[in-house]
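> The following block contains a protein sequence and its predicted model.
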Amino acid sequence: MLMIYNRPGFLEEFSEAERTELFGDVDVLMRELTESGELIGGEALADPSNTKTVRVRDGVAAVTDGPFTEAKEHFAGYLLVECEGVERAVEIAASWPDAKRWAMEVRPVMSGSGTEM
């Protein structure tokens, strides 16, 4: 799984040309991954203002608004890819536009049994 991190509101700060370039880069990558058969799926996530974080301590649920409030970046979306190995997944993540400004995280998805760990 390639997890996309960026900062809320960044698109509003971009010029029209910067937005066009960003979305063009994403379109190219999505087409390449689709054509190579590596793309399994993926989704963008709703704005962090729609997020609730739930922590249970001593049997009591504490619900807070948003993701981790101390972070400026948030988990914005993900891609599921099936490729030859972690090196290829890192290569794909490095080519994603958000990696140039924020971060991409590459992490294997476990099967239902979780025996990969």
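Nice, thanks for sending it over.
> Could you list every helix and strand in contact with the strand ranked longest in the chain?
Counting residues, the longest strand found in the chain (DSSP state E) is strand 74-81. In terms of contacts (3 or more Cβ pairs under 8 Å, 6 or more residues apart in numbering; DSSP states H and E), strand 74-81 is packed against strand 2-6, strand 39-44, helix 86-95. Backbone N, C-alpha and C define where each C-beta goes, glycine included.
> Please report the distance of the residue of the chain most remote from its centre from residue 4.
Computed with Cα atoms, centre = their mean, the residue of the chain farthest from its C-alpha average is residue 58, at 31.6 Å. According to Cβ to Cβ, to the nearest Å, residue 58 and residue 4 sit 34 Å apart.
> Give the buried residues for the helix ranked longest in the chain.
If you go by DSSP state H, the chain has its longest helix at helix 16-36. Residues 22, 29, 33 are the ones in helix 16-36 that count as buried (16 or more other Cβ atoms under 10 Å).
> Which pLDDT value belongs to the closest residue to the first one other than its chain neighbours?
Of all residues not flanking residue 22 in the chain, residue 97 sits nearest, at 5.1 Å (Cβ to Cβ, 6 or more residues apart in numbering). Listed pLDDT for residue 97 reads 90.
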